[in-house]
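J.: show me how the following folds:
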Amino acid sequence: MRFKDEHPELFQQLHRARNAGVDLDAIPNSSQKMLWWRCPVGHEWQETPLQRRSPATWKKGDINACLYCVAPGCIVHSCGHRSLRPSETTFRVLAHPCDKCEITEHTRLILDAHEDSAAAAVRILDDSPHYALFCGRAADTVEWWAEIFPLVEAYFVRMVSLYVAIAAVEHRPLLSYPASRLLGACMLRILDALPQSCRQEMHSAVPDDAGGFHDRYLPGEHSSQIGWALKKLGFGIVDASLDDDIERRVQFCEQQRFTATGELPPVNLANRHYPSFAHLPRDRERGASSELRRFRPKQLPPRSAALRVTLTASSPAEPDDPLGRTHTGYGPGLTPQELWERGRGIWKFRADHVAASKIMLLVHDKTVVLVASITGLTLHRGGLAILGEPLTDHPLIGKPDPLHTPNPLAYGVINH
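T.: I've put the predicted structure just below:
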């Protein structure tokens, strides 16, 4: 539907001269293109057709109302965005953009400087004994470290160069945020992507003051709004794709044990803000420098890899049930062993997830009703059943499901 046809009175308020070059007759009803408007009194302002036709509170029921005429206390910024302050009695037009647009523009400057900051980031990493210690520990611990290290190194450069770019744009000293905290945050992020079996050993190379990255904000002395703006502009703070990239490489290397053909799967870093840089030749002896003599590792919080099954209400089992059960699902009054036999299979879990897990949770009505150890598995009809024993005194029993996902089957890590 065209704006012209749906709102003819508002269409007449479009400023012909200031919207030169725009085909106003073809503007759709829900367009978010910023256009110039002029009310019958002569007031001029910028707004999108979607905003113009909205029944905003300040219009007091008149969709054709003009901000200047009927909205005392309204502030209009140069970017076209507005805010209403009912406590004020005057209408103001400000020459500067709103805070949200200023943050967005500030973040664009940071991303523009990001590519040129890679060289400085490389120097910081090259001089850091913490980074050398982490890489040296990984070379001794992670089986396929040589194959996944290019991704790890690129991620460190990506994040450190972002902080260098922030310092450059804000005219701060280079990395005003402590390097150990920033590099520690990167290390914790890398550990989340590494196989579970090597995380505990690797955690001893993470400095005690390590920060932490979250989905939408940066750790350190930076506005959380920058993190939001970075995400909106396509720079993911956590870079969730890193997990998939590393997992694909590890899986490929595992397959090469049996078939020595093929090449490492390509990694597409396009549009992910990974700056180009020269590879760092690691000097593992730097890990013993004087800066690390009082090195304190970050304490690893107790964590358990777990499987989770959501049980439905008790129902008869299939006549040819592979486990010989008469019923499956949750029922009140069952002993832990009876409940375990009902809930341990048959499920479509991945065998590697079972091998990496220590416990299995049985959940009913979003509550953990049983926790069991995992000692092995058996295969049945394309699915598998878990072998183990109920842990009747486990503290998670009776607590809300810690792996709260809509999928009835889940795999994850639980922090105790």
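
J.: when you work out contacts or count neighbours from here on, use the C-alpha atoms and nothing else.
T.: Will do.

J.: for the stretch 51-200 of the chain, just list every one of the strands.
T.: 74-76, 82-84, 92-93 (DSSP state E, counting those that start in this stretch).

J.: low-confidence stretches in this protein?
T.: 284-288, 290, 416 (pLDDT under 70).

J.: on that earlier part again, comparing the strands of the stretch 51-200 of the chain, which comes out most buried?
T.: strand 74-76 (a mean of 22; mean count of other CA atoms under 10 Å).

J.: how close does E338 get to H171?
T.: Shown here: E338 relative to H171, a distance of 66 Å by CA to CA, to the nearest Å.

J.: got the strands of the stretch 51-200 of the chain as TSV, with distance to G345 columns?
T.: Listed next are those as TSV, based on distance: least, CA to CA, whole Å:
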stretch	distance to G345
strand 74-76	62
strand 82-84	57
strand 92-93	67
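
J.: nearest to L396, of the ones you listed?
T.: strand 82-84 (47.8 Å; CA to CA).

J.: so in that sheet, which strands flank that closest one, and in what orientation?
T.: Within its sheet, strand 82-84 is paired with strand 74-76 (antiparallel), according to DSSP bridges.

J.: what residues does the strand it pairs with touch?
T.: 67, 82-86, 90-94 (CA atoms under 8 Å, 6 or more residues apart in numbering).

J.: which one of E338 and H171 has more residues nearby?
T.: Neighbour totals were compared for E338 and H171, and E338 leads with 16 against 9 (other CA atoms under 10 Å).

J.: next, the more buried one: secondary structure please.
T.: helix (DSSP: H, G, I helix; E, B strand; the rest coil).

J.: and it, how far from G329?
T.: In this view, E338 and G329 are 10 Å apart by CA to CA.

J.: thought A113 was touching A165?
T.: Yes - in this structure, A113 is within contact of A165 by CA atoms under 8 Å, at 5.3 Å.

J.: the more surrounded of these two?
T.: Between A113 and A165, A165 has the larger neighbour count (other CA under 10 Å), namely 28 against 18.

J.: measure that one to L396 for me?
T.: Taking CA to CA, one finds A165 at 45 Å from L396.

J.: kindly report the same for N64.
T.: Where L396 is concerned, N64 sits at a distance of 59 Å (CA to CA).

J.: for D99, same thing?
T.: Using CA to CA, D99 is found at 45 Å from L396.

J.: between those two, who's got more neighbours?
T.: In this view D99 and L396 are compared by other CA under 10 Å, and L396 has more residues nearby, 18 against 12.

J.: all helices of the stretch 1-150 of the chain, in order?
T.: 3-6, 8-11, 49-52, 67-70, 99-114, 118-126, 129-141, 145-169 (DSSP state H, counting those that start in this stretch).

J.: in JSON lines: those helices, plus distance to Q256.
T.: Shown next, in JSON lines, are the helices of the stretch 1-150 of the chain (distance: least, CA to CA, whole Å):
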{"stretch": "helix 3-6", "distance to Q256": "61"}
{"stretch": "helix 8-11", "distance to Q256": "66"}
{"stretch": "helix 49-52", "distance to Q256": "56"}
{"stretch": "helix 67-70", "distance to Q256": "68"}
{"stretch": "helix 99-114", "distance to Q256": "37"}
{"stretch": "helix 118-126", "distance to Q256": "32"}
{"stretch": "helix 129-141", "distance to Q256": "19"}
{"stretch": "helix 145-169", "distance to Q256": "12"}
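
J.: for E389, find the nearest of the ones you listed.
T.: helix 129-141 (31.0 Å).

J.: just want the angle from the closest one to helix 145-169.
T.: For helix 129-141 against helix 145-169, the angle by axes from the mean of the first three to the mean of the last three CA atoms, to 10 degrees is 160 degrees.

J.: now do helix 129-141: which elements does it pack against?
T.: Using 3 or more CA pairs under 8 Å, 6 or more residues apart in numbering; DSSP states H and E, the elements in contact with helix 129-141 are helix 145-169, helix 179-193, helix 199-203.

J.: any idea how far the shortest one is from the chain center?
T.: The chain centroid and the centroid of helix 199-203 are separated by 22 Å, computed with CA atoms, centre = their mean, to the nearest Å.

J.: elements contacting it?
T.: Against helix 199-203 (3+ CA pairs under 8 Å, 6+ apart) you get helix 129-141, helix 179-193.

J.: next secondary structure after that helix?
T.: helix 224-232 (DSSP states H and E).

J.: what residues sit buried inside that next one?
T.: By 16 or more other CA atoms under 10 Å, the buried positions in helix 224-232 come out as 225-231.

J.: want to throw the residues you listed into JSON lines with distance to I386?
T.: Converted to JSON lines, these look like this (distance: CA to CA, whole Å):
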{"residue": "Q225", "distance to I386": "46"}
{"residue": "I226", "distance to I386": "46"}
{"residue": "G227", "distance to I386": "42"}
{"residue": "W228", "distance to I386": "42"}
{"residue": "A229", "distance to I386": "45"}
{"residue": "L230", "distance to I386": "43"}
{"residue": "K231", "distance to I386": "40"}
